[in-house]
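1. give the three-dimensional model of this entry:
(chains A and B)
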Amino acid sequence: MTRIVALDTAQVVCQLEAAVPGAVVDYTPEYIRIRLERLVETAHFLKTAQGLEFNYLVSITAVDYYPYYFELVYHLVSMPHHHSLVLKTRTPDRERVVVPSLVGVWRSAELQELEIYDLMGLIFAGHPELRRIFLWEDFRGHPLRKDYVEELIPLPLPAEPAEPLG
Amino acid sequence: MSLETQPVVINFGPQHPSTHGVFRLVLTVDGEVVVDAKMVLGYLHRGVEKLAEEKTHLQNITFTDRLDYLSAMSNNFAYVQAVEKLADIAVPERAEYIRVIMAELQRIASHLMAMGTFYQDVGGWGSPLMYMFRDREKILDLFEMACGQRLTCNYMRPGGVAMDLPPEFIPELKKFIPAMRAYLDEYEELIAENEIFKVRTRGVGILPKELAIDAGASGPVLRASGVRWDLRKDDTYSIYDRFDFDVPVGTVGDCYDRFMVRLEECRQSLRILEQAVRDIPGGPWINPGLRGNIWAPPGEAYAHVEGPKGELGFYLVSDGGVGPYRFKIRSPSYINLTALKEMTVGWKVADAIIILGSIDIVMGEVDR
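-> Sure, this is the predicted structure:
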């Protein structure tokens, strides 16, 4: 019986600083927040570095911190070492929403990024086939955004009888 | 004379008995052989994540029932753990035992459906599925006895379970365990030893070990590919460290292995149930300090369980309110579909149906 141990973030930050300088923005015992531009390099390092080997991307979440920015949360697990790490990154604001895709690093990002594109409206540069996965192609807006307002389609009025009955 | 051939695009689903819901697959075929597969989802999209942001932590339990509607108890289990982590709520011992009993019964029920419909996909029409419905019925009767609901149980609460087990539950469960074990042996003899079944499933739709990990597969799909990864053992939650059970793994990663892993997991669940029934203590079934709504402090929590389909996780972000600010479901059925194209390409159309059946998806959870 084992448990997945959350890695000491300070130690990982030291390794990251050496391998991908300038990537880390800040960190707490729970997570490491990195610069958006260095995401792919960081992910690649975390997957391949000796002793880290995060080979399993558990989940990707996008959170809308209205009205400031979007945050992406990556939950990583290393199966051989039984440890985990939470990686976060932010978009500069709610207008510039192009973020790098991680499909090249972990295949499991493929469907999850499609879901985020569809529902949250973040555009993943480098994704092999970015398309709406749950909603139809001409759907307007992204429902999981906090400022999304449902477009109300007016119901057709009951047709009036052409001539008075009787 | 030479004839020119060209690939044909055929539509499979969304209204098709083998798609296990409303799943649509656009297959490009060269003769009978699949050369490309593209899935079209969203026919059952209800926007659960958005809805849940508007509701309270307690109201959201009912949404989790309706994700994977064949394993409501496991979904409840994962979600209440996330809320407990977020709001730091203790759970009494008896409640932990009740939860484990329910989750393992649910695993058997879900695997029975998976195996029955899979056998139907292979061509064993009718009878095996009805046999498995018969056994699942007994599990649903037990659920009804405990909480009044059969399918969407809505039984667990942050801090425990909604109500105590009735006195007749444990005797009934004690009768169920040996009966189910005998049925499982029967199924192995009838189905897994069947020559036609073996020919149809062995070596079909192989998911290699490396791809399974990289594509984020979990649950029986991952273990059939030879990866010994079960969150009950590898990230022990609740009280699973007190039970003695094994994690079955496959060797090849084909459809046959996925079937056999499920069958063997049912047996292991019965072992856990036996031990839980033996050891279940008395006492309160819910944390007595809880009254009414739950206000979680600002923060975030991720909790996961080994559900019947795989790793089911809930990631909650709280802003200090009575409900979640962000409610994210890590749904195993959805992520298990990532490698579907690699698994189906090169096989015949009839095999594509088997491969999809062996992944065991539930559209309520895929589309959310």
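2. of all of chain B, which residue lies closest to chain A?
-> Of all residues in chain B, B:Gly216 sits closest to chain A, at 2.6 Å by C-beta to the nearest C-beta. Any C-beta I mention is one placed from the backbone N, CA and C, and that applies to glycine too.
3. can you count the residues close to that residue?
-> Residues near B:Gly216, counting by other C-beta atoms under 10 Å in any protein chain shown, number 28.
4. distance check, A:Phe54 against chain B.
-> From A:Phe54 across to chain B, the span is 11 Å (C-beta to the nearest C-beta, to the nearest Å).
5. for that residue, give me its contacts.
-> Applying C-beta atoms under 8 Å, 6 or more residues apart in numbering or on different chains, we find A:Phe54 in contact with A:46-47, A:76-78, A:85.
6. please repeat the previous calculation with a cut-off of 6 Å.
-> A:46-47, A:76, A:78 (C-beta atoms under 6 Å, 6 or more residues apart in numbering or on different chains).
7. and the closest residue to B:Lys174 other than its chain neighbours, how far from B:Leu142?
-> Sequence neighbours aside, B:Val277 is the residue nearest to B:Lys174 in space, at 6.1 Å (criterion: C-beta to C-beta, 6 or more residues apart in numbering or on different chains). To B:Leu142, B:Val277 is 12 Å away according to C-beta to C-beta, to the nearest Å.
8. ok, those two, which is more surrounded?
-> Applying other C-beta under 10 Å to B:Val277 and B:Leu142 shows that B:Leu142 carries more neighbours, namely 20 against 17.
9. in which helix or strand does the more buried one reside?
-> helix B:127-147 (DSSP states H and E).
10. ok, then the element right after that helix?
-> Immediately after helix B:127-147, counting by DSSP H and E, sits strand B:156-157.
11. what does chain B put close to chain A?
-> Within reach of chain A by C-beta under 6 Å from any C-beta of the partner chain, chain B has these residues: B:41-42, B:45, B:47, B:50, B:213-216, B:234-236, B:241, B:315, B:317, B:326, B:328, B:330, B:335, B:338.
12. among those residues, the buried ones, what's the ChimeraX command?
-> Buried residues within the residues of chain B next to chain A, by 16 or more other C-beta atoms under 10 Å in any protein chain shown, are selected in ChimeraX with:
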select /B:41,42,45,47,50,213,214,215,216,234,235,236,315,317,326,328,330,335,338
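13. tell me which of the residues of chain B next to chain A fall in helices.
-> Among those, the ones falling in helices (DSSP state H) are B:50, B:213-214, B:234, B:335.
14. surely A:Val63 touches A:Glu71?
-> Yes - under the criterion of C-beta atoms under 6 Å, A:Val63 makes contact with A:Glu71 at 4.7 Å.
15. more neighbours, those two?
-> The residue with more neighbours, out of A:Val63 and A:Glu71, is A:Val63; 21 against 17, by other C-beta under 10 Å.
16. who are the packing partners of the helix or strand encompassing that one?
-> Per DSSP H and E: A:Val63 is located in strand A:56-65. Contact here means 3 or more C-beta pairs under 6 Å, 6 or more residues apart in numbering or on different chains; DSSP states H and E; on that basis strand A:56-65 packs against strand A:69-78, helix A:109-120, strand B:326-330.
17. adding distance to A:Glu137 and mean pLDDT, write the ones you listed out as JSON lines.
-> Listed next are the helices and strands packed on strand A:56-65 as JSON lines, based on distance: least, C-beta to C-beta, whole Å; pLDDT from 0 to 100:
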{"stretch": "strand A:69-78", "distance to A:Glu137": "22", "mean pLDDT": "92"}
{"stretch": "helix A:109-120", "distance to A:Glu137": "10", "mean pLDDT": "92"}
{"stretch": "strand B:326-330", "distance to A:Glu137": "24", "mean pLDDT": "92"}
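18. for these, give me TSV that also has distance to B:Pro14.
-> Output for the helices and strands packed on strand A:56-65, formatted as TSV (distance: least, C-beta to C-beta, whole Å):
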stretch	distance to B:Pro14
strand A:69-78	31
helix A:109-120	18
strand B:326-330	21
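19. chain B contacts on chain A?
-> A:1-4, A:55-57, A:59, A:61, A:63, A:107-108, A:110-111, A:133-134, A:143-144.
20. which ones are touching the one residue in chain A that gets nearest to chain B?
-> For chain A and chain B, the shortest gap (C-beta to the nearest C-beta) falls at A:Ser108, measuring 2.6 Å. By C-beta under 6 Å, 6+ apart, A:Ser108 lies in contact with A:57, B:215-216, B:335, B:338.
21. try 7 Å this time
-> The contact partners of A:Ser108, by C-beta atoms under 7 Å, 6 or more residues apart in numbering or on different chains, come to A:57, B:214-216, B:335, B:338.
22. same question for B:Thr56.
-> B:293, B:322-323.
23. A:Tyr117 too?
-> Counted by C-beta under 7 Å, 6+ apart, A:Tyr117 has contacts A:123-124, A:130.
24. same deal with B:Ile359?
-> B:221, B:336-337.
25. follow-up on the earlier one: which helices and strands does the one helix or strand the residue nearest to B:Lys174 maps to pack with?
-> Counting by DSSP H and E, the element that carries B:Val277 is helix B:255-279. Counting contacts by 3 or more C-beta pairs under 7 Å, 6 or more residues apart in numbering or on different chains; DSSP states H and E, helix B:255-279 packs against helix B:93-122, helix B:169-187, helix B:195-201, helix B:220-224, helix B:349-359.
26. which residues touch it?
-> B:97, B:100-101, B:104, B:107-108, B:111, B:114-115, B:118, B:170, B:173-174, B:177, B:180-181, B:184, B:187-188, B:192, B:198, B:201-202, B:204-205, B:220-221, B:223-224, B:243-246, B:248-251, B:354-355, B:358.
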